[in-house]
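Visitor: I would like to see how this sequence folds:
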Amino acid sequence: MTTDKKTYVAAGTLFGKEYLRLVRLGSFQLDAHFDGPVLIFTHNDRPGLIGFLGTTLGDLGVNIAQMNVGREKAGGEAIGVVNLDGIPSQEALDAIAKHPDILSVRLVKLPAQGELPSWLGS
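Guide: The predicted model follows:
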């Protein structure tokens, strides 16, 4: 998709009839589950960042269901896709965004696995 500001590239696939996977976002290759609440963040690939993310979310009562990270090269820019068991608070999102190696944070609210999007009906 191309807008007047940027070009966005994403690719996905479907396993069986209900298992959506995000396999590319921008220049990053992934194998991420694509259902439920999904936290997508870009970051510098540095040791300890994933531990920080897990500890921060855990301390604020948010459980990680799945996680996948994509990068082009060690130590460069990377992307993380984290499936959560619940919607994180704004406090949690703000705490993550404050880390010096986190470049961007977005929360995407998708239907749960096996559920159709509301715009498709039942």
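
Visitor: buried ones in the helix ranked longest in the chain?
Guide: Assignment by DSSP state H gives helix 49-59 as the longest helix of the chain. Using 16 or more other C-beta atoms under 10 Å as the test for burial, helix 49-59 gives 49, 52-53, 56-57. Bear in mind the C-beta positions are built from the backbone N, C-alpha and C, glycine included.

Visitor: nearest to residue 86, of these?
Guide: Sorting those by distance to residue 86 puts residue 57 at the head of the list, at 10.0 Å, by C-beta to C-beta.

Visitor: for the closest one, what are its contacts?
Guide: 63-64, 82, 84, 88, 92, 96 (C-beta atoms under 8 Å, 6 or more residues apart in numbering).

Visitor: Return the member of the buried residues of helix 49-59 nearest to residue 1.
Guide: Using C-beta to C-beta, the shortest approach to residue 1 within the buried residues of helix 49-59 belongs to residue 53, at 27.6 Å.

Visitor: Next, find the distance separating the closest one from residue 102.
Guide: Between residue 53 and residue 102 the distance is 8 Å, computed by C-beta to C-beta, to the nearest Å.
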